[in-house]
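K.L.:
Give the three-dimensional model of this entry:
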Amino acid sequence: MSVFPYLVAGWICVIGLYGIVTSKHLIHLALCLTVTQSSTYVLLLAVGYVQGGGPPIFKGVKLGTTAVDPVVQSLTLTDIVVSVTVLALILALALDVHDELDTMDPDRIAELQG
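P.N.:
A predicted model of the protein is given here:
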């Protein structure tokens, strides 16, 4: 078992968090959040990987053949769908803030009263 995928997932997460912390634009903030969430894809696929395992298709394959975990793959696809939905919501809110305040700077949206 290799530790490399876990290090890659951690590195992607740290890069995304750094972008979130230093962001001065709402669109950049949304994209950095997406980068941070994409680290979970790498992590989930690393957890479900089986050395020497084939695809989780069992029709026509003899019993006992090693395969990767299909549940983790479906969780990864679900994570991608949730990520796209969250990104769409954040971008829509960012556009509303821009229409209301004419700014995309997160530090200036404290003025917004709702």
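
K.L.:
For the protein, which segments count as helices?
P.N.:
Assigned by DSSP state H, the chain shows helices spanning 4-22, 26-48, 70-101.

K.L.:
Turn the ones you listed into TSV, columns for distance to L63.
P.N.:
C-beta here means a position set from N, CA and C on the backbone, and glycine is covered the same way. What follows is those, written out as TSV (distance: least, Cβ to Cβ, whole Å):
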stretch	distance to L63
helix 4-22	29
helix 26-48	21
helix 70-101	16
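
K.L.:
Look up how far Q51 lies from the residue nearest to T36 when sequence neighbours are not counted.
P.N.:
In space, and not counting its chain neighbours, T36 is closest to G16: 3.0 Å by Cβ to Cβ, 6 or more residues apart in numbering. According to Cβ to Cβ, to the nearest Å, G16 stands 29 Å off from Q51.

K.L.:
neighbour-wise, which of the two wins?
P.N.:
Taking neighbours as other Cβ atoms under 10 Å, G16 and Q51 compare with G16 leading, 19 against 8.

K.L.:
Isn't that one up against A30?
P.N.:
No - using Cβ atoms under 8 Å, G16 is not in contact with A30, being 11.2 Å away.

K.L.:
Show the pLDDT at the residue nearest to T36.
P.N.:
pLDDT for G16: 96.

K.L.:
where's it relative to G53, distance?
P.N.:
When distance is defined by Cβ to Cβ, G16 is 29 Å away from G53.

K.L.:
what's the answer for V14, then?
P.N.:
Counting by Cβ to Cβ - V14 and G53 are separated by 29 Å.

K.L.:
how about S39, what does it touch?
P.N.:
A9, G10, I12, C13, G16 (Cβ atoms under 8 Å, 6 or more residues apart in numbering).

K.L.:
State the number of residues packed around the first one.
P.N.:
For A9, the tally of surrounding residues (other Cβ under 10 Å) stands at 20.

K.L.:
With the second one instead?
P.N.:
Under the neighbour criterion other Cβ under 10 Å, G10 is assigned a count of 13.

K.L.:
Same check on the third one?
P.N.:
Here the neighbour count serves as a burial measure; for I12 (other Cβ under 10 Å) it reads 19.
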